[in-house]
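Engineer: test case, fold it:
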Amino acid sequence: MRDTRESRLLLVLLVAIAFALITVDIRGGEDSPVDGARQAAATVFGPVEDGVSSAVNPVGNAVAAIRDSGERHDRLARLEQENAALKAKLGSDDRNRSRLKQLDKMLKVAGEGQYGIKGAQVIAIGAAQGFSWTITIDAGANDGIQRDMTVLNGDGLVGRVTTVGPNTATVLLANDPDFTVGTRMESTDELGFASGQGDRPLRVELLNGKAEVKKGDRLVTFGSQADKPFVPGVPVGVVSRVDPSGGGLTRTLYVTPYVGFSKLDVVGVVVQAPKKDPRDTVLPAKPKPKPTPTVTVTVTPGAEVPEGDGQQQQGDAQDQPLAGGLRPRADDQYQYEQDQ
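Structural biologist: Model (predicted):
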């Protein structure tokens, strides 16, 4: 008990002395009587504090580096996400611009042919219901789509509707082997039937076996009774080859279609046929032929020819053709001569 009482008394005495020193130091400021002792302590313990600080600083720096690394990683991840979102937006804008261009082109075709159309987007492509070349569009019965309606885009004939659901429809493409459409030749009005051949050009059988046809001639749809499944005047394609064996009951042509069936996106279903056959007005403008250059050569008489053999040299020159088929004439003009 005595040791405990003395320890408590000593503790109280030390606390009182500490408070007294603090009070004297605060009131004394720079003239504090304990300032010298504090400076001496700083001189003694300063190097120890610096050593401890140097030893501890790498740990603190490592902790700070880890914290900063995490923040940088978060910023990098955020920037990568923003970059990906920006790329997606730019890609989406490109697709939207492409679709807008296709839509404008299709509306121009519809306007020229006076077709009432319902726009749709291709949402699937592939085999369906036994057909090898089909697409699925995002328009169906709820949009007024019916079976056996003509489908087109800004280039020409795409196909016809085969099956219809509430919100989607299946379209048989014009290059499918089971696809057949009546056609009419531009200007000559020769009639025939075009059939799909997959990746190859369309095969067209003209009803007139002696019809005059050449490469580059163009075809449009002839139209069906009650305008189903085909309305008239829709561009089909361009003749790429004519079967040389003519004189039969029919004549075979091979036609490159206007439509690229492997890159379809925006299409239109003809829900209202034109009141009048547009004939050839929907066909694209023909490319202008390239001008053939015409060359005119005029020769200026040169130096004088010595007497005696000048006439002989001139006669020899008139008889011998020059390079390029040029033959001199007596009036110093040159003309082209065909090889016999």
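Engineer: domain map for this protein?
Structural biologist: Domain assignment for the chain by automatic domain parsing gives 1-33, 114-272.
Engineer: just put these in CSV and tack on mean neighbour count.
Structural biologist: In short, each C-beta sits where N, CA and C put it, glycine included. CSV is the format used below for those (neighbours: other Cβ atoms under 10 Å):
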stretch, mean neighbour count
domain 1-33, 10
domain 114-272, 18
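Engineer: pipe those into CSV and attach mean pLDDT per row.
Structural biologist: Below are these laid out as CSV (pLDDT from 0 to 100):
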stretch, mean pLDDT
domain 1-33, 63
domain 114-272, 93
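Engineer: among the ones you listed, which is nearest M106?
Structural biologist: Smallest distance to M106 across the domains of the chain (Cβ to Cβ): 4.2 Å, for domain 114-272.
Engineer: quick check: which of the domains of the chain is nearest to Q81?
Structural biologist: domain 114-272 (28.3 Å).
Engineer: ends of the closest one, how far apart?
Structural biologist: Using Cα to Cα, to the nearest Å, one end of domain 114-272 lies 9 Å from the other.
Engineer: circling back to that earlier point, okay if I get the domains of the chain as CSV plus distance to K105?
Structural biologist: Listed next are the domains of the chain as CSV, based on distance: least, Cβ to Cβ, whole Å:
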stretch, distance to K105
domain 1-33, 90
domain 114-272, 3
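Engineer: out of those, flag the one nearest K288.
Structural biologist: Taking these one by one with Cβ to Cβ, domain 114-272 is closest: 13.4 Å.
Engineer: of all the domains of the chain, which one comes closest to K101?
Structural biologist: Nearest of these (Cβ to Cβ): domain 114-272, 8.3 Å.
Engineer: all helices for the stretch 151-300 of the chain, in order.
Structural biologist: Read by DSSP state H, counting those that start in this stretch, the stretch 151-300 of the chain holds no helices at all.
Engineer: strands of that one, start to end?
Structural biologist: 157-164, 169-173, 180-185, 191-197, 200-206, 218-221, 235-242, 251-257, 266-272 (DSSP state E, counting those that start in this stretch).
Engineer: could you dump those strands into TSV with distance to A120 added?
Structural biologist: Formatted as TSV, these follow (distance: least, Cβ to Cβ, whole Å):
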stretch	distance to A120
strand 157-164	10
strand 169-173	8
strand 180-185	20
strand 191-197	21
strand 200-206	23
strand 218-221	19
strand 235-242	19
strand 251-257	20
strand 266-272	6
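Engineer: what packs against the strand or helix carrying K118?
Structural biologist: For K118, the element it lies in under DSSP states H and E is strand 116-125. Secondary-structure packing of strand 116-125 (3 or more Cβ pairs under 8 Å, 6 or more residues apart in numbering; DSSP states H and E): helix 35-113, strand 134-137, strand 266-272.
Engineer: about what we covered before: L11: which of the strands of the stretch 151-300 of the chain is closest?
Structural biologist: Per Cβ to Cβ, nearest to L11 of the strands of the stretch 151-300 of the chain: strand 266-272, 92.3 Å.
Engineer: elements contacting the closest one?
Structural biologist: Judged by 3+ Cβ pairs under 8 Å, 6+ apart, the packing partners of strand 266-272 are helix 35-113, strand 116-125, strand 134-137, strand 150-152.
Engineer: recalculate using a threshold of 7 Å.
Structural biologist: Using 3 or more Cβ pairs under 7 Å, 6 or more residues apart in numbering; DSSP states H and E as the contact definition, the elements that strand 266-272 packs against are helix 35-113, strand 116-125, strand 150-152.
Engineer: okay, now the residue nearest to G233 when sequence neighbours are not counted: neighbour count?
Structural biologist: Closest residue to G233 apart from its sequence neighbours, by Cβ to Cβ, 6 or more residues apart in numbering: P278 at 3.7 Å. By other Cβ atoms under 10 Å, 19 other residues sit near P278.
Engineer: isn't P278 up against G113?
Structural biologist: Yes: with contact defined as Cβ atoms under 7 Å, P278 and G113 form a contacting pair (4.4 Å).
Engineer: got any residues that touch both of those two?
Structural biologist: Common contacts of P278 and G113 (Cβ atoms under 7 Å, 6 or more residues apart in numbering): G233.
Engineer: okay, I66: pLDDT?
Structural biologist: You'll see I66 listed with a pLDDT of 51.
Engineer: same check on the one 4 residues further on?
Structural biologist: With respect to pLDDT, G70 has a value of 59.
Engineer: what does the one 4 residues further on give?
Structural biologist: Reported pLDDT at D74 in the predicted model: 72.
Engineer: tally of neighbours for it?
Structural biologist: For D74, the neighbour count with other Cβ under 10 Å is 10.
Engineer: that one and L283, how far apart?
Structural biologist: The spacing between D74 and L283, counted by Cβ to Cβ, to the nearest Å, is 60 Å.
Engineer: and for L79?
Structural biologist: L79 is 52 Å from L283, by Cβ to Cβ.
Engineer: which one's more surrounded, these two?
Structural biologist: Using other Cβ under 10 Å, the more surrounded residue of L79 and L283 is L283, with 21 against 10.
Engineer: run through the bridge partners of the spatially closest residue to the more buried one that is not a sequence neighbour.
Structural biologist: Closest residue in space to L283, ignoring its immediate chain neighbours: P235 at 5.3 Å, by Cβ to Cβ, 6+ apart. Per DSSP bridges, the residues bridged to P235 are V220.
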